[in-house]
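Asks: A structural model of the following input is requested.
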Amino acid sequence: MAVCNTQKKPVIGILGGICAGKSTVANEFAKLGCKVIDADKIAHELLEENAVRDKIVRLFGQTILGQENKIDHKKLAEIAFSNEQKLLLLNGIIHPFVLDRTEELIEQYQRENNVPAIVLDMPLLVEVGWQNHCEHLIFVDCDKKIRQERAKKMGIFEENQIKIRENFQISLDNKRALADNKIDNNSGLSALVRQVIDIFSTIVSKT
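Replies: You can find the predicted model right below:
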């Protein structure tokens, strides 16, 4: 279970597989007034900063650059996830910045009176040890076939890419075991929304 947090507002971590619907769940919490910290968005913003961009280009070469000499996220991911050592080096550049920014935002939102909870939409939350910063962990459960179909429709990953990426992550079974709550995302948005509302009500009632 998640380690208890002494901060006045609960911090909620979202777990799940690739394309399981973690960001959809986070968005529903946002509709309930929660502040969402999107780690992917922070990382993408970092790639626009010259100092970070230059470090990554030195590591991966000019082939990762796309239009206007900006880093092509898809090209970068394809190379990084084909080489474990390079993935570790990339994470070593990106993660410290992302985690520092996340801590800043948590501190900021803790001071805002109208915020009932803070939600972390962080794909590698457990892998970087941030489950210990959360009072509640929620696992978004979604069948593999549905996740693959969703990824294909969104044009994000091929089926083999999902498998490759998840091989670098802690298993879904282990993440599921860590969670305080589970959301079943196999039955459409309305069912997901009801589950988010129920969990939100339970969490807020305990604060």
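
Asks: Wait, a strand at residue 125?
Replies: No: counting by DSSP: H, G, I helix; E, B strand; the rest coil, one finds residue 125 to be coil, located in no strand.

Asks: Surely it is in contact with residue 13?
Replies: Yes: in this structure, residue 125 is within contact of residue 13 by C-beta atoms under 8 Å, at 5.1 Å. Quick note: C-beta positions are derived from backbone N, CA and C, even for glycine.

Asks: Give the residues shared as contacts by the two.
Replies: Shared contacts of residue 125 and residue 13, defined by C-beta atoms under 8 Å, 6 or more residues apart in numbering, are found at 131, 134.

Asks: So between the two, which is more surrounded?
Replies: residue 13 (27 against 24; other C-beta atoms under 10 Å).

Asks: which regions of this protein sit below the pLDDT cut-off?
Replies: The model of the chain has pLDDT under 70 over residues 1-7, 155-160.

Asks: Apart from its chain neighbours, what residue comes closest to the residue nearest the centre of it?
Replies: In the chain, the C-alpha nearest the mean C-alpha coordinate belongs to residue 122, at 2.3 Å (C-alpha atoms, centre = their mean). Spatial nearest neighbour of residue 122, chain neighbours left out: residue 39 (4.0 Å); criterion: C-beta to C-beta, 6 or more residues apart in numbering.

Asks: any chance you could map the strands in this structure?
Replies: Using DSSP state E, the strands of the chain run over 11-16, 35-38, 118-121, 136-141, 181-184.

Asks: picking that back up, just to check, the residue nearest to the centre of the chain is in contact with residue 42?
Replies: No: counting by C-beta under 8 Å, residue 122 stays clear of residue 42, with 9.2 Å between them.

Asks: Can you check which helix is longest in the chain?
Replies: In the chain, with assignment by DSSP state H, the single longest helix is helix 84-110.

Asks: before we move on, back to that, now for residue 122 and residue 42: what residues contact both?
Replies: The contact lists of residue 122 and residue 42 share 98, 102, where a contact means C-beta under 8 Å, 6+ apart.

Asks: Give the burial count for residue 199, as a bare number.
Replies: Residue 199 has 20 neighbouring residues, counting by other C-beta under 10 Å.

Asks: Same question for residue 123.
Replies: The number of residues packed near residue 123 is 19, by other C-beta under 10 Å.

Asks: Repeat that for the one 10 residues further on.
Replies: Residue neighbour count, defined by other C-beta under 10 Å, stands at 21 for residue 133.

Asks: distance of residue 103 from residue 134?
Replies: Applying C-beta to C-beta, to the nearest Å, the value for residue 103 to residue 134 is 13 Å.

Asks: follow-up on the earlier one: turn the strands of the chain into CSV, including distance to residue 96.
Replies: What follows is those, written out as CSV (distance: least, C-beta to C-beta, whole Å):
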stretch, distance to residue 96
strand 11-16, 19
strand 35-38, 16
strand 118-121, 16
strand 136-141, 23
strand 181-184, 30
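
Asks: quick revisit: residue 103 and residue 134: which is more packed in?
Replies: A direct count of neighbours by other C-beta under 10 Å for residue 103 and residue 134 places residue 134 higher, at 26 against 13.

Asks: Next, the contact list for residue 20, please.
Replies: Residues near residue 20 by C-beta under 8 Å, 6+ apart: 140, 141, 142, 147, 185.
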